[in-house]
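A.B. asks: Sequence first, then the predicted structure, then my questions.
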Amino acid sequence: MNNIKKLTKKDILKTAFRHFLGVTTFNYDTGIAPTIVWELFPVLRKIYSNDDDLVLSLDNHFRYYNCNPWLSPLITGATLAMEEKDGVKSIEAVQNLKTGLMGPLSGIGDTIIWVMLPTIFGAIAGSMGKNGNPLGMWLFLAVFLVCFFLRPYLYFVGYQTGTNLLSKLGQKLDAFTDAVSVLGIMVIGSIVSSTVNVQTGWTFQTGGVKISLQSILDQICPSLLPAILVFVLYYMLKKKVKMATLILAVIVLAMVGAVIGLFKA
Amino acid sequence: MNNIKKLTKKDILKTAFRHFLGVTTFNYDTGIAPTIVWELFPVLRKIYSNDDDLVLSLDNHFRYYNCNPWLSPLITGATLAMEEKDGVKSIEAVQNLKTGLMGPLSGIGDTIIWVMLPTIFGAIAGSMGKNGNPLGMWLFLAVFLVCFFLRPYLYFVGYQTGTNLLSKLGQKLDAFTDAVSVLGIMVIGSIVSSTVNVQTGWTFQTGGVKISLQSILDQICPSLLPAILVFVLYYMLKKKVKMATLILAVIVLAMVGAVIGLFKA
Amino acid sequence: MNNIKKLTKKDILKTAFRHFLGVTTFNYDTGIAPTIVWELFPVLRKIYSNDDDLVLSLDNHFRYYNCNPWLSPLITGATLAMEEKDGVKSIEAVQNLKTGLMGPLSGIGDTIIWVMLPTIFGAIAGSMGKNGNPLGMWLFLAVFLVCFFLRPYLYFVGYQTGTNLLSKLGQKLDAFTDAVSVLGIMVIGSIVSSTVNVQTGWTFQTGGVKISLQSILDQICPSLLPAILVFVLYYMLKKKVKMATLILAVIVLAMVGAVIGLFKA
Amino acid sequence: MGLTIKEIVLISLLSYVYSLDRHSTQIAGKITILYGALAGLILGNFKQGLEIGATLQLMSLGVANLGGASMPDYPMAAIISSTIAITSGKGMAAGMAIGLPVGMLGMNFDVLVKLINSAIAKRAQNFAHKRQFGKMTRTIPLATLIYPLESTIPVFIAIVFGKSVVQAILDFMPQWFTVGLNVAGGMLPAVGFAMLLVYMPLEKYGYWLIVGFVATAYLKIPVLGVALLGAAAAIHLYQSIANKKVSNQVSENNSNLTEEDMEDE
Amino acid sequence: MGLTIKEIVLISLLSYVYSLDRHSTQIAGKITILYGALAGLILGNFKQGLEIGATLQLMSLGVANLGGASMPDYPMAAIISSTIAITSGKGMAAGMAIGLPVGMLGMNFDVLVKLINSAIAKRAQNFAHKRQFGKMTRTIPLATLIYPLESTIPVFIAIVFGKSVVQAILDFMPQWFTVGLNVAGGMLPAVGFAMLLVYMPLEKYGYWLIVGFVATAYLKIPVLGVALLGAAAAIHLYQSIANKKVSNQVSENNSNLTEEDMEDE
Amino acid sequence: MGLTIKEIVLISLLSYVYSLDRHSTQIAGKITILYGALAGLILGNFKQGLEIGATLQLMSLGVANLGGASMPDYPMAAIISSTIAITSGKGMAAGMAIGLPVGMLGMNFDVLVKLINSAIAKRAQNFAHKRQFGKMTRTIPLATLIYPLESTIPVFIAIVFGKSVVQAILDFMPQWFTVGLNVAGGMLPAVGFAMLLVYMPLEKYGYWLIVGFVATAYLKIPVLGVALLGAAAAIHLYQSIANKKVSNQVSENNSNLTEEDMEDE
Ligand SMILES: OC[C@H]1O[C@H](O)[C@@H](O)[C@@H](O)[C@@H]1O
Ligand SMILES: OC[C@H]1O[C@H](O)[C@@H](O)[C@@H](O)[C@@H]1O
Ligand SMILES: OC[C@H]1O[C@H](O)[C@@H](O)[C@@H](O)[C@@H]1O
């Protein structure tokens, strides 16, 4: 790849708008990866004249990715800068950056966008609305509208940050890739525990004493069942079992488990 | 040492049965080490034709070792494979493996064997028995009998794992030894805090305010007294103070401390 | 520097007494650094015949330093030994040692001197005193008097420890310096969270639901505001903003924040 | 219930637009009250719609769908509740009696949609592999169009057929099925993480997975805190690799001892 | 109490077999109810024995002796309680009035037996040093035979001499003695750990002791969680050493830069 | 209030000596009761002073000023309370009605004094830079002399002008001012830490700052625990650097493989 700037301001803006596909594409095997593919496609096409390279890059973006959609542009903006500069050579670093940052940015974004703002303005709107006053409701809407118009701007921030980072890193990119993958792996270890939810419902209620198997498991190792589930699925995938098979297997397991009371919601 | 397989299936089985000496040999200075020595003696005799080597190995197994007796065979099975292959050269690795795994395996085994099963089946047996129905009691017994017959099998699992591990490790055994000793040391740091129990009973009850020295110590550093005790004993042992002396000293300390109220149970 | 012992027992004792300036010099930019400068000045003068070296050393001691004054002599005693031996070459190590140990020693000393003893003897003195009996009060005083007379001795302990350490370390002093600075940096990370106190007072009380912004921040990242404050100040200092300006800015920020309810005490 | 066809179309459309925005542009997805009010506006009773929306808004405080988890659909509940309350003339209670259970069920429909999305994603990726990029970009937004049906269909059924049919459907769906869908919703994110791990360099850095897991499972550190620790580890690693490279290059030219002193950390 | 000699012998034997199994084969050591029932069977009232055993079984739920700690001996209490209840004809209350306190005392006898076991272990090791392996293997099982006396002697005394003598013994034993034994039981495991540490490579890896200690003392991570962290550290260390070795061998032949890039982590 | 001039002087002097000792020699700074009693002694009613001091002593239990934080000044409150109670003849309640609020305000005066101390410290350092060491050593103790005025002035005003003036001053000071001073007191320590960080090797080891911060912010490990972890990290680092150096020197002479095997950890 060469270093000639290929992307214009308009390209970035267009990508930012296409990102509004949002979580409509969310699926259990690749998260919102389809959204990312769709939003990046036009610029990737511009970056990669070669079809083979383009497919390589698309395949990378088809991998699992999930991030709070409001802050996600910070990441994909940066990876855009990387692919623009180094092309397919940057793919591993792009993947690590996405994996490493999606967890922390989701943590921040979800708290602000999905918990903090709705709680504050929902409380105001709700209590005013109960008395027939729609003012709080309009305020709530106004706040989100303002945020909405600021969102595309984050794509520029991400792109700029990515550009700066790259010029600083220079030839140490592989050290950077390794470092970010450590961050990413650690974050996955964390979100497996906080996001996957598997709880056994088996309890033994005898003689007034009620013992729940889950509480005993929690004493040995909290989040043990989620960890086992991820491990087994990982092992299966390594053994070339197909994704669709695994999803079906998990659904059957969940259903059967629900019937016999092995799992609880 | 040579690589000719010396141990037969019968040898392993015999060792597994001799392990049923269990915790009857538990003592404060070496834990259940005598049980291990006794169970391993016949096979060690077979492995070491040389008396000096045998004593070296026995002395190693006479060192402190404590593990949930149900899962212990996983460890000693593996060390058997190591000693069979590398003889006295493996002794350090054997010691590290034992120390590194005894804590975690006890954690798992104790929870299942001593907490989970007795709580579940004890509750069933107790509540049925109170109504004169012995069924729950027989169930309880049956469960443990089944487990009992499965136990010797774990020795084979351990031995096989050990054999595989060794062939994989090849010449990197010393890296492995160092790695396992890190695990072991960290685990000891943990179980000193959870297993040794020293609590001062001094409280100051004046003017309606009751201050316990222990709660103040817990604020500075929880498990401070156990840590100090282990440290002092370690220092004494390094200074060649005899074990028997130390045990006596601890007992006297405990008694005198109990009399003057310095320690509480 | 040469290795000729320059400091006499009397020098150390004098320094120990000068340390009784205590926390009277405490200020927000350098803590009790002026006390340290004042107590060390006579011996530093003796160590450094050269004025330039003396100023280098004084400037180092004018840097931020805060430690429980009862245990501080352990640190400055040790650094005295270092400066005596290696002169200005030891300055970085001296600084690291001070930073690395001031936190932990304060943790221990504060708990014993400011929490434990006053709570125990205060309770006794208070409850006896309420009945008109001054005995507990005299006991309280006596305890602190005894401690008081033992304090100067700690300077000798520190000095001796420092001397021993140096002779052991030999030429590995720079490894030691690096190691201690890791300790120091980690401790600062900890005390920023426990010592700096910035809490926002913004709450939203609508419709019976009361939401506090601080509690939401605590969910994202506890001690976030203190961390941000330190970071911003650090950044300003790096940008050569003057200390006095920053102190003033912080006060104005605090006042204005208090007026508009942004911060709570 | 006296709903005109125009009203039915408008309300259904409202529910479609709501869900589309909620998952794509995300402006008003959390403004439950707005949808109660808009449904009211369509049916000529803005005020009652506002009040019902307000009530549901307050009930939804603190409920958030994060990390791809599915949650009760309060805005949908508001649309149904408003519609039924106004058209039946039986007020808020009657409206919410149908609106709330359907809203709760929304969680299960959401699991189904996310499964359908998997198929769409797979299809799009296949087109990419065949270099049919046009088809790829046309396939992905199908998800965007289908997703809102998860709200529109239930709303349509609820407002057209009313309580009896909704109840019949609820009665028909066995409990294990809804519980099973919930359980599946908790488990399915594991598939994505497993796939993600397949692409990460676990042989080299897999042990960081354990660190991240323990941090959140045992210590309940939220993902941002883990990411902070991960960043520390990443910086450390980056420095080691980058310095190592430098020092190796240096040592190829001439042996530079001081450079190498610090290469290791 | 009308016990025939045959009954006394059988009950004593039962208590011996119980304790032998509890500490060796460990089949029924936790099945308190079984021993109440068996004592009942011997004395001709299976049902009453069953019920008393059931009561004590429920009382023992959750009590477990781990890590060499000593616990109240519920099965022993069941044997005594059954026997006295049936032979005295005064029912469960009378039986448990003696059975329970003796069971509680069991904890102290256990400390004594574990002290005796130290002497046996020492003796066995001495024989090993003198190459008298036959004597060694004959010495160790002495512990196995002696251990059950901790139950048999109290049971014998309790059922033969009954309440008065038991009470006299209880009265005779000063409280500080039983408290002291309890305290000693908490402290004595420290001896084993200290000895263990003597054999560990603390100069090289001793700092991991601190990490494990802090993890459990301050953060209450159970041993399994610490072991997971320890495993992460061990893998890291293993990879560093193993890679370092490889890269050193490589660099002896020719300088291979890329290999060395990753050797450090 | 009938206070003679001599009494006013003596009480003011007492408050000066108290505060001087509290911040320098620190013998009786926490003995609140003593100052109540001494004030009583001066005014001829030792017993009432003792009792008032005792009451305040009990109120102060557990309150400690650590890390440069400011706290209510109980001994000052005791001096004022005693004086007013005795001279007004209206007893303890009347005394404490003035003493306590002034004591609480002490916290704010303390913030002011610590700001003044900044100027003194700056001045002293300037003298050092000009090599005017005599002036430097004379400047620093100014802080020592000024500091006690934080107690003497309020005490003087309170005992001379009594309740009305104190109340007037309290009323005059707007609430935002006292709150603001409190907030500033919480923020200002950040300045010192920021300055400290400027002198630390953050480029090399700055990531440890994050580790220390997370340990205390998220996990609430007190500073001593963090210091223990920091010590572990420091030892590890020290060993790496020291061994690396050795092995490098060795490899300059001849390639020594086994030496290098362990150099990395
Ligand atoms: O948690 C990150 C992200 O995950 C999914 O994409 C959705 O649940 C979003 O609402 C959320 O922001
Ligand atoms: O904790 C491991 C192990 O320790 C001792 O050997 C006994 O207390 C056993 O019951 C226990 O399983
Ligand atoms: O925390 C260390 C130290 O900080 C300041 O110097 C004062 O608050 C002292 O009282 C305290 O001991």
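C.D. replies: That came through, no problem. Numbers count the residues shown, from 1 in each chain, chains lettered A, B, ... in the order given. Ligands and ions are numbered 1, 2, ... in the order given.

A.B. asks: any chance you could map the helices in the chain?
C.D. replies: Went with chain A since none was named. Under the criterion DSSP state H, chain A contains helices at A:9-18, A:33-47, A:51-61, A:72-86, A:91-109, A:117-130, A:135-169, A:173-195, A:213-220, A:224-238, A:243-259.

A.B. asks: should've been chain D
C.D. replies: Taking DSSP H as the criterion, chain D contains helices spanning D:5-23, D:32-42, D:46-59, D:74-88, D:91-129, D:133-146, D:149-172, D:175-187, D:189-198, D:202-205, D:207-217, D:223-253, D:257-261.

A.B. asks: As CSV, those with mean pLDDT, distance to ligand 3 and mean neighbour count would be great.
C.D. replies: C-beta coordinates here come from the backbone N, C-alpha and C atoms, glycine included. Formatted as CSV, the helices of chain D follow (pLDDT from 0 to 100; distance: least, Cβ to the nearest ligand atom, whole Å; neighbours: other Cβ atoms under 10 Å in any protein chain shown):
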stretch, mean pLDDT, distance to ligand 3, mean neighbour count
helix D:5-23, 95, 52, 19
helix D:32-42, 95, 50, 28
helix D:46-59, 92, 46, 26
helix D:74-88, 92, 50, 29
helix D:91-129, 89, 52, 20
helix D:133-146, 95, 58, 18
helix D:149-172, 85, 58, 17
helix D:175-187, 83, 47, 21
helix D:189-198, 84, 44, 24
helix D:202-205, 90, 39, 16
helix D:207-217, 94, 29, 25
helix D:223-253, 77, 25, 20
helix D:257-261, 37, 34, 15
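
A.B. asks: As JSON lines, these with distance to ligand 2 would be great.
C.D. replies: Output for the helices of chain D, formatted as JSON lines (distance: least, Cβ to the nearest ligand atom, whole Å):
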{"stretch": "helix D:5-23", "distance to ligand 2": "52"}
{"stretch": "helix D:32-42", "distance to ligand 2": "54"}
{"stretch": "helix D:46-59", "distance to ligand 2": "49"}
{"stretch": "helix D:74-88", "distance to ligand 2": "50"}
{"stretch": "helix D:91-129", "distance to ligand 2": "43"}
{"stretch": "helix D:133-146", "distance to ligand 2": "54"}
{"stretch": "helix D:149-172", "distance to ligand 2": "51"}
{"stretch": "helix D:175-187", "distance to ligand 2": "34"}
{"stretch": "helix D:189-198", "distance to ligand 2": "33"}
{"stretch": "helix D:202-205", "distance to ligand 2": "32"}
{"stretch": "helix D:207-217", "distance to ligand 2": "21"}
{"stretch": "helix D:223-253", "distance to ligand 2": "31"}
{"stretch": "helix D:257-261", "distance to ligand 2": "45"}
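
A.B. asks: Format the ones you listed as JSON lines; extra columns: distance to chain A.
C.D. replies: Listed next are the helices of chain D as JSON lines, based on distance: least, Cβ to the nearest Cβ, whole Å:
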{"stretch": "helix D:5-23", "distance to chain A": "4"}
{"stretch": "helix D:32-42", "distance to chain A": "5"}
{"stretch": "helix D:46-59", "distance to chain A": "3"}
{"stretch": "helix D:74-88", "distance to chain A": "10"}
{"stretch": "helix D:91-129", "distance to chain A": "4"}
{"stretch": "helix D:133-146", "distance to chain A": "4"}
{"stretch": "helix D:149-172", "distance to chain A": "11"}
{"stretch": "helix D:175-187", "distance to chain A": "3"}
{"stretch": "helix D:189-198", "distance to chain A": "4"}
{"stretch": "helix D:202-205", "distance to chain A": "5"}
{"stretch": "helix D:207-217", "distance to chain A": "3"}
{"stretch": "helix D:223-253", "distance to chain A": "4"}
{"stretch": "helix D:257-261", "distance to chain A": "16"}
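
A.B. asks: Nearest to A:Leu233, out of those helices?
C.D. replies: Each of those has some distance to A:Leu233 by Cβ to Cβ; the shortest is helix D:189-198, at 3.6 Å.

A.B. asks: The closest one versus helix A:91-109: what angle between them?
C.D. replies: Angle between the axes of helix D:189-198 and helix A:91-109 is 140 degrees (criterion: axes from the mean of the first three to the mean of the last three Cα atoms, to 10 degrees).

A.B. asks: what's in contact with helix D:189-198?
C.D. replies: Helix D:189-198 is contacted from outside by A:28-31, A:63-64, A:66, A:99, A:188, A:191-192, A:195-196, A:198, A:226, A:229-230, A:233-234, A:236-238, A:243, A:246-247, A:250, D:67-69, D:209, using Cβ atoms under 8 Å, 6 or more residues apart in numbering or on different chains.

A.B. asks: switch to 6 Å and redo it
C.D. replies: Applying Cβ atoms under 6 Å, 6 or more residues apart in numbering or on different chains, the external contacts of helix D:189-198 come out as A:28-29, A:31, A:64, A:192, A:195-196, A:229-230, A:233-234, A:237, A:246-247, D:68.

A.B. asks: got it, and stretch D:13-25?
C.D. replies: With Cβ under 6 Å, 6+ apart as the test, stretch D:13-25 has contacts from A:20-24, D:27-29, D:35, D:38, D:75, D:79, D:147-148, D:151-152, D:155.

A.B. asks: in chain D, what residue is nearest chain B?
C.D. replies: Going by Cβ to the nearest Cβ, chain B is nearest to D:Tyr207 of chain D, at 10.8 Å.

A.B. asks: isn't that residue right up against E:Ala232?
C.D. replies: Yes - between D:Tyr207 and E:Ala232 a contact is recorded at 3.8 Å, counting by Cβ atoms under 6 Å.

A.B. asks: The residue of chain D closest to chain B: what's it in contact with?
C.D. replies: E:232, E:235-236.

A.B. asks: circling back to that earlier point, using a markdown table, lay out the helices of chain D together with distance to E:Asn182.
C.D. replies: Shown next, in a markdown table, are those (distance: least, Cβ to Cβ, whole Å):
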| stretch | distance to E:Asn182 |
| --- | --- |
| helix D:5-23 | 62 |
| helix D:32-42 | 60 |
| helix D:46-59 | 54 |
| helix D:74-88 | 57 |
| helix D:91-129 | 53 |
| helix D:133-146 | 66 |
| helix D:149-172 | 60 |
| helix D:175-187 | 45 |
| helix D:189-198 | 47 |
| helix D:202-205 | 47 |
| helix D:207-217 | 34 |
| helix D:223-253 | 40 |
| helix D:257-261 | 54 |
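
A.B. asks: Those helices: which one's closest to C:Arg151?
C.D. replies: C:Arg151 sits nearest to helix D:223-253 of all the helices of chain D, at 38.2 Å, using Cβ to Cβ.

A.B. asks: for the closest one, packing partners?
C.D. replies: Under the contact definition 3 or more Cβ pairs under 6 Å, 6 or more residues apart in numbering or on different chains; DSSP states H and E, helix D:223-253 sits against helix A:91-109, helix A:173-195, helix D:257-261, helix E:257-261, helix F:207-217.

A.B. asks: when you compare where it runs with where helix C:224-238 runs, what's the angle?
C.D. replies: 40 degrees.

A.B. asks: Helix D:223-253 to helix C:173-195, inter-axis angle?
C.D. replies: Counting by the same axes, to 10 degrees, helix D:223-253 points 170 degrees away from the direction of helix C:173-195.

A.B. asks: Can you check what angle separates helix D:223-253 from helix C:213-220?
C.D. replies: On the basis of the same axes, to 10 degrees, helix D:223-253 is oriented at 50 degrees to helix C:213-220.
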